[in-house]
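Enquirer: let me see the structure of the following:
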Amino acid sequence: MKVLVTDPIADAGLDRLREAGHEVVTAYDVEGEPLFEAVSDAHGLIVRSGTDVSAELFEAAPELVIVGRAGIGVDNIDIDAATDHGVIVA
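Expert: Residues are numbered from 1 along each chain as shown. From the prediction side, this is the model:
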């Protein structure tokens with residue numbers, strides 16, 4: 001599973017994902033078209049508050065199955081669009 005991480009998280013978290021067999025790609029401080037390109041083949045997405053997970057992002061990510069929000073709240077994630085695309089938000 002390819003996991004895209006768009007906001008910094010602890011190295012220990014990245015290491016645990018890698019140890020579980022996931023391909024981890026970091027793309028910090030990207031938005032717009034570069035973000036859409038980075039997420040285009042990702043299965044998982046980990047964000048904090050710096051990434052806007054919009055309906056357009058879900059459209060650009062046909063393989064996406066889960067978005068993990070590292071932090072409190074999901075106000076930066078379009079929950080309706082996630083539901084429409086069958087993507088779990090945790």
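Enquirer: hey, let's count contacts and neighbours off CA atoms from now on
Expert: OK.
Enquirer: and the lengthiest helix in the chain, C-alpha only, in CSV?
Expert: Counting residues, the longest helix found in the chain (DSSP state H) is helix 11-19. Listed next in CSV are the C-alpha coordinates belonging to helix 11-19 (Å, rounded to 0.1, in the frame of the first residue of the first chain):
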residue,chain,number,x,y,z
ASP,A,11,9.7,9.7,12.3
ALA,A,12,8.6,6.9,14.6
GLY,A,13,5.2,6.9,12.9
LEU,A,14,6.8,6.8,9.4
ASP,A,15,9.0,4.0,10.5
ARG,A,16,6.0,1.9,11.8
LEU,A,17,4.3,2.3,8.5
ARG,A,18,7.4,1.1,6.6
GLU,A,19,7.9,-1.8,9.0
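Enquirer: distance from that helix to the middle of the chain?
Expert: 15 Å (Cα atoms, centre = their mean, to the nearest Å).
Enquirer: again with stretch 12-29
Expert: On Cα atoms, centre = their mean, the centre of stretch 12-29 falls 12 Å from that of its chain.
Enquirer: start and end of that stretch, how far apart?
Expert: Chord length of stretch 12-29, first to last residue, is 20 Å (Cα to Cα, to the nearest Å).
Enquirer: show me where this structure has its helices.
Expert: With helices called from DSSP H, the chain shows them at 11-19, 33-39, 55-59, 79-84.
Enquirer: what comes up buried for the first one?
Expert: Read it as helix 11-19. Neighbour counts over helix 11-19 (16 or more other Cα atoms under 10 Å) mark 14, 17 as buried.
Enquirer: could you pull up the mean pLDDT of it?
Expert: If you average the pLDDT over helix 11-19, you get 97.
Enquirer: for that helix, give me every contacting residue.
Expert: Helix 11-19 is contacted from outside by 23-24, using Cα atoms under 8 Å, 6 or more residues apart in numbering.
Enquirer: now the residue nearest the centre of the chain, which residues is it bridged with?
Expert: Centroid-nearest residue in the chain, with Cα atoms, centre = their mean: L45, separated by 1.9 Å. Here L45 sits in beta bridges with L4, V67, going by DSSP bridges.
Enquirer: was I right to think it contacts G68?
Expert: Yes: under the criterion of Cα atoms under 8 Å, L45 makes contact with G68 at 6.1 Å.
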